[in-house]
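Curious how this folds, go ahead:
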Amino acid sequence: MICKIRKWKLSDAKDLAIALSNRKVQDNLRDGLPYPYTEQDGKDYISDMLSANEDDTFAFAVTADNKVVGSIGVFRQGNIHRQTAELGYYVAEEYWSRGIMTEAVKQICEYVFGKSDILRIYAEPFAYNIASCRVLEKAGFQYEGTLRSNAVKNGEVIDMKMYSLLRTEI
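Sure, this is the predicted structure:
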């Protein structure tokens, strides 16, 4: 196993801050994260994840080399989508292209499908983030289509891709 997912610890905040204080990482994430990302920002996030409803929020640290190198989470949706959940993740730049996130995605999907009533996990990477799309494909997700002009990131209108994995496909 090249990585492990585990529950967050407040002591992970420093590693989290290092990973997220990188424009290249943040350029592949949704807006709203402070830059630079501080250790206090990390503590606040970790506290929120640790206090979240465990039936709705499945949030884990991604570890390799005995330290936190990324984050992964699956978040239950509401109303008619209550058995659907959105996947989000990132890994520190120095750990890109090592297969870490593919392994972490597989681990969290097995966990969520095994511990909940979630039927479908989906992800919406930016279309230009080919590495993230590849992670999902290698983890068994199916490409469902392109969401055209679906977001504005760094002042640019961009497409996103839709991928999903069903409980029955694991």
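
Doesn't Met49 belong to a helix?
Yes - according to DSSP: H, G, I helix; E, B strand; the rest coil, Met49 belongs to a helix.

pretty sure it contacts Ala59?
Yes - at 4.0 Å, Met49 counts as touching Ala59 under the criterion of Cβ atoms under 8 Å. All C-beta atoms are positioned from the backbone trio N, CA, C, and that covers glycine.

okay, and the common contacts of these two?
Residues touching both Met49 and Ala59 by Cβ atoms under 8 Å, 6 or more residues apart in numbering: 8, 73.

So which of these two has more stuff around it?
Ala59 (21 against 17; other Cβ atoms under 10 Å).

Return the distance of that one relative to Glu124.
Per Cβ to Cβ, to the nearest Å, Ala59 is found 18 Å from Glu124.

just Arg148 next, same as before
Arg148 is 12 Å from Glu124, by Cβ to Cβ.

One more: Ser116?
For Ser116 relative to Glu124 (Cβ to Cβ), the value is 20 Å.

So these two - more neighbours on which side?
Between Ser116 and Glu124, counting by other Cβ under 10 Å, Glu124 is the more crowded of the two (20 against 17).

my guess is the more buried one contacts Ser164, does it?
No - counting by Cβ under 8 Å, Glu124 does not reach Ser164; the two are 9.9 Å apart.

I'd like to know how many residues surround Ile18.
That count, for Ile18 with other Cβ under 10 Å as the rule, works out to 17.

Return the backbone torsion pair for it.
With angles defined as degrees, to the nearest 10, Ile18 sits at phi -60, psi -50.

Let me see the contact set for it.
Here Ile18 is in contact with Ala92 (criterion: Cβ under 8 Å, 6+ apart).

what do you get for Lys4?
Contacts here follow Cβ under 8 Å, 6+ apart; on that basis Lys4 touches 62-64, 107.

Try it again at 7 Å.
Thr63 (Cβ atoms under 7 Å, 6 or more residues apart in numbering).
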